[in-house]
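Q: return a 3D structure for these sequence lines:
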Amino acid sequence: MGVGTPEDLLHAVEHGIDMFDCVLPTRLGRHGIAFSPKGNLKMNNAKYKTDFTPLVKSCGCFACTHFTKAYISHLIRENEMLGGILLSLHNIAYLHNLLENRKKKMLKK
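A: Reported below is the predicted structural model:
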């Protein structure tokens, strides 16, 4: 269906759509990009080489609780498969949490 960015999903939910199928979270992960509340993080950027914080502090996914931006950036720059796997896991978890939080807000109305 091609709807896969956090913004697209929230827009779709606002219009009653509740089912999605898109490869974007894993494709971006394989290419070194992580979703975050401040926009996409491109992990091959030099600024992440020495950033020892999680991808997203409030995220409880495996990647965020076990690895730092510096390590994931290293994996991406060295073309290690684990980097793309961790970012794919994070991106899927990020979208899941985003939609769960949106669902809770909608149920409170």
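Q: secondary structure class for residue 95?
A: Put simply, residue 95 is helix when judged by DSSP: H, G, I helix; E, B strand; the rest coil.
Q: quick one: the strands in the chain, in order.
A: Ranges of strands in the chain, per DSSP state E, are 33-34, 41-42.
Q: what's the first one in contact with?
A: If I follow you right, that is strand 33-34. Strand 33-34 is contacted by residues 28, 40, 41, 42, 43, 55, 56, 72, 87, 90, 91, 94 when judged by C-beta atoms under 8 Å, 6 or more residues apart in numbering. (C-beta placed from N, C-alpha, C; glycine too.)
Q: the least confident helix or strand in the chain by mean pLDDT packs against which elements?
A: Lowest on mean pLDDT, DSSP states H and E among the helices and strands of the chain sits helix 6-14, with a mean of 79. Applying 3 or more C-beta pairs under 8 Å, 6 or more residues apart in numbering; DSSP states H and E, one finds that helix 6-14 makes contact with helix 81-108.
Q: buried residues of the helix it packs on, list them for me.
A: Buried residues in helix 81-108, counted by 16 or more other C-beta atoms under 10 Å: 83-91, 93-95, 98-99.
Q: pick the one among those residues closest to residue 21.
A: The closest of the buried residues of helix 81-108 to residue 21 turns out to be residue 95 (C-beta to C-beta; 12.1 Å).
Q: can you pull the contacts of the closest residue to that closest one other than its chain neighbours?
A: Using C-beta to C-beta, 6 or more residues apart in numbering and skipping residues adjacent in sequence, the residue nearest residue 95 is residue 25, 5.8 Å away. Counting by C-beta under 8 Å, 6+ apart, residue 25 touches 4, 35, 88, 91, 92, 94, 95.
Q: and the fourth one, how close does it get to residue 54?
A: Taking C-beta to C-beta, to the nearest Å as the measure, residue 91 and residue 54 are separated by 14 Å.
Q: try the first one
A: Between residue 4 and residue 54 the computed distance is 22 Å (C-beta to C-beta).
Q: ok, now the third one?
A: The gap separating residue 88 from residue 54 is 16 Å, by C-beta to C-beta.
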